[in-house]
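Visitor: Here is my input, please return the structure:
(one chain, ligands or ions: 1)
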Amino acid sequence: MPRVGIVVGSDSDLPVVRETVRTLEKLGIAHEVVLASAHRTPDRAVAYARDAAARGVGVIIAAAGMAAHLPGVLAAHTPVPVIGLPVAVGAMGGRDALYSMVQMPPGVPVATVGIGAAQNAALLAARILAVGDPEVRRRLEEYVAGMRAAVEQKADRLAQVGLEAYLAEKEAGGP
Ligand code: RP5
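Guide: Residues are numbered from 1 along each chain as shown. Here you go, the predicted structure:
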């Protein structure tokens, strides 16, 4: 049973949510990817939102570009928390989607991550689920510890070899 529903407004948004899916997989969080447009298939989008809570979906991530009404429309039809993921497409490079998502009217919140911030959308969903799920919290803590260890390793290497050697190694694909 999916705990996170990832909804995209178009199949052209699918490459963006790849990183969201990968991150949820690393955290062992069951998820589904659904195509439903607020503008082109409004009935499908609303039906998904209405059924989400009863199906056990605990968080919805809605990815869309341009005048991105998808997360707002979903949030209007479900008590499940909705995370908006603005997609960089069109003349405004995703700023239109960002503003459409983040500037919700009072009463219908959408938690919006940065333009194209697919990994953060997954991590925010995990943090929301972790409030009531100690196992998700544990995996999230492991994930954070992994990130910390990777940066500490880099910091040690930089201190060891200095800037130019570090950059040369990095450009060569290491350390
Ligand atoms: C939005 O319009 C979609 O979320 C997509 O990012 C954008 C363009 O859609 P397509 O014309 O590529 O289907 O609704």
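Visitor: What are the buried residues along the top helix by length along the chain?
Guide: Looking across the chain with DSSP state H, the single longest helix is helix 134-161. Within helix 134-161, the residues that count as buried by 16 or more other Cβ atoms under 10 Å are Val136, Arg139, Leu140, Arg157, Leu158. Using the backbone N, CA and C atoms, a C-beta is placed for each residue, glycine as well.
Visitor: Remind me which helix or strand the residue most central in space within the chain belongs to.
Guide: For the chain, the residue nearest the mean C-alpha position is Ala121 (2.0 Å; Cα atoms, centre = their mean). In the assignment (DSSP states H and E), Ala121 maps to helix 118-130.
Visitor: Against which helices or strands is that helix packed?
Guide: strand 4-8, helix 14-26, strand 59-65, strand 82-87, helix 134-161 (3 or more Cβ pairs under 8 Å, 6 or more residues apart in numbering; DSSP states H and E).
Visitor: try 7 Å this time
Guide: Contacts defined by 3 or more Cβ pairs under 7 Å, 6 or more residues apart in numbering; DSSP states H and E place helix 118-130 against helix 14-26, strand 59-65, strand 82-87, helix 134-161.
Visitor: Give me the buried positions along stretch 102-115.
Guide: Counting neighbours by 16+ other Cβ under 10 Å, stretch 102-115 gives Met104, Val110, Ala111, Thr112, Val113, Ile115 as buried.
Visitor: typo on my end, it should be stretch 87-98
Guide: Of the residues in stretch 87-98, those buried (16+ other Cβ under 10 Å) are Val87, Val89, Gly94, Asp96, Ala97, Leu98.
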